[in-house]
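In: Need a 3D model of the following:
(one chain, ligands or ions: 1)
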Amino acid sequence: MTAKILDGRLVAEQVVARAAGEIAASDRVPGLATVLVGDDPASAIYVRNKRRRCVAAGIRDLHRKFGADVTQDELAAAIHALGDDPGVTGILLQLPLPPHLDAAALVSLIPPEKDVDGLTETSAGRLALGRPGLRPCTPLGVLELLDAHGIALSGAEAVVVGRSNLVGKPMAQLLLRRDATVTVCHSRTRDLAAACRRADILIVAAGLPGLITADAVKPGATVIDVGIHRTPDGLRGDVDFTAVRTVAGAITPVPGGVGPMTIAMLLANTATAARLPANAYGATFLSS
Ligand SMILES: Nc1nc2c(c(=O)[nH]1)N[C@@H](CN(C=O)c1ccc(C(=O)N[C@@H](CCC(=O)O)C(=O)O)cc1)CN2
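Out: The predicted structure follows:
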C-alpha cells in the first residue's frame, strides 16, 4: 500500500482565498500585530511567511520586533498597547520566547477577541467548555485538512501524541467536539506503539524527529505529522515518512502538510477576529 498524500499547500490556498474574500467583503480592515522576540531563525521564517500571506490577503501588517534582551515588563507594556489600539484587530506572540520571559503570562495579556492564535486562558477555557471562541491555528488546520479530504471523525479512534498547549491539548478537545474517541499519549506513555496502533487517525506533535515508525501504525490509518525539524538532510517530521507511507492510508508530508495550514488558519482567525465586537469573549484579566 502507498498512502495518499494529504497536500496542505493545496487546502491552505483554499482557506486563504476564503479568508481574503471575507476581508474584501467586510467594511473593517483587519490589522495583525505579529510580535517577534530575539533571533531564532525558524521563528523569523514563520513570522515572515505569516506577514507576507496576511498582506496578500488584505490584512494590515503591524509587526513588532524586539531584541532577545527585552524585559518582561517592556514586552507586557507593548502587548497592553496593542490590546488598547483599535486599529489592531489581532495579536500574535511568536513562540518560543527566550527563556528569561514568561510566555504564558504575556499571552494572557492579549484581549481574547484579538487572540488570533487561540492561546489565551479565555480561548482555551472556551474550547474546553465547548463555547465559541478563537481556536489555535495548528489543530484547527489539521481539522480543516481532514475535512477537505473527507476523513470521517465521528466515532473514529483518534490518537494524539503530545500534550502541549499549542497543539496536543486543543487538538484532543477539537476531536472530542467532533465525536472522535480520543487518546492522548505523551513521554510517559508505557507502550506508545501499541497505543498508536489503535488509531484510525494518528496525530503526532511530539517534537521528536522520526518518533513514529511503521510498526506504530495500523494499516490504512490516516497519519498527520505536526513535527518539523531542520536536519542535515532537510526538513523532517515526527513521523518516519518513507516507512510509514507504505502502511498508512493517508499521510501528511513535511514540508507541505500541516505547516501551511497553520498559516492559513491564522488568516482565517484574523478575518474572524476583525468582525468581533470589543469584549466579545469577556473581560481580559489585566495584570498590574
Ligand atoms: N504563536 C505561535 N507560535 C508558534 C506556532 C503558532 O501556531 N503560534 N506554531 C509553531 C510554528 N509555526 C507557526 O508559528 C509554523 C511552523 C511551520 C510552518 C510552515 O509553513 N512550515 C513549512 C516549512 C517552512 C520552513 O520551515 O521552511 C511546511 O511545513 O511546509 C508555519 C508555521 C511554533 N510557534
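
In: Show me what residue of this protein gets nearest to the ligand.
Out: For the chain and the ligand, the shortest gap (Cβ to the nearest ligand atom) falls at Gly259, measuring 2.3 Å. (Each C-beta comes from the backbone N, C-alpha and C, glycine too.)

In: Surely Val223 is in a strand?
Out: Yes. Assignment of Val223 by DSSP: H, G, I helix; E, B strand; the rest coil places it within a strand.

In: Next up, the contacts around it.
Out: Val223 is in contact with Ala3, Leu202, Val204, Ile212, Val217, Val239, Val244, Ala248, Ala250, Ile251, Thr252, counting by Cβ atoms under 8 Å, 6 or more residues apart in numbering.

In: The same query, at a cut-off of 7 Å, please.
Out: Leu202, Val217, Val239, Val244, Ala248, Ile251 (Cβ atoms under 7 Å, 6 or more residues apart in numbering).

In: on that earlier part again, wait, the residue of the chain closest to the ligand sits on Ile228?
Out: Yes. Gly259 is within contact range of Ile228, at 6.1 Å (criterion: Cβ atoms under 7 Å).

In: Neighbour count for the two, which is higher?
Out: Set side by side, Gly259 and Ile228 show more neighbours around Gly259, with 24 against 19, by other Cβ atoms under 10 Å.

In: quick one: contacts for that one?
Out: Gly8, Ile228.

In: Now do the SS call for it.
Out: Put simply, Gly259 is helix when judged by three-state DSSP.

In: hang on, the earlier thing: how close does the residue of the chain closest to the ligand get to Met265?
Out: 11 Å (Cβ to Cβ, to the nearest Å).

In: got it, and Ser154?
Out: From Ser154 to Met265 the distance is 22 Å (Cβ to Cβ).

In: Those two: who's more crowded?
Out: Under the criterion of other Cβ under 10 Å, the comparison of Ser154 against Met265 puts Met265 first, with 28 against 8.

In: For the more buried one, list the residues it contacts.
Out: By Cβ under 7 Å, 6+ apart, the contact list for Met265 reads Val15, Cys137, Leu140, Gly141, Glu144.

In: just the strands in this structure please.
Out: Taking DSSP state E as the test, the strands found in the chain are 4-5, 31-37, 60-61, 64-66, 90-93, 157-161, 181-185, 201-204, 222-225, 229-231, 234-236, 250-251.

In: Make JSON lines out of those and add distance to the ligand.
Out: Below are these laid out as JSON lines (distance: least, Cβ to the nearest ligand atom, whole Å):
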{"stretch": "strand 4-5", "distance to the ligand": "13"}
{"stretch": "strand 31-37", "distance to the ligand": "9"}
{"stretch": "strand 60-61", "distance to the ligand": "16"}
{"stretch": "strand 64-66", "distance to the ligand": "13"}
{"stretch": "strand 90-93", "distance to the ligand": "5"}
{"stretch": "strand 157-161", "distance to the ligand": "16"}
{"stretch": "strand 181-185", "distance to the ligand": "19"}
{"stretch": "strand 201-204", "distance to the ligand": "14"}
{"stretch": "strand 222-225", "distance to the ligand": "9"}
{"stretch": "strand 229-231", "distance to the ligand": "7"}
{"stretch": "strand 234-236", "distance to the ligand": "6"}
{"stretch": "strand 250-251", "distance to the ligand": "14"}
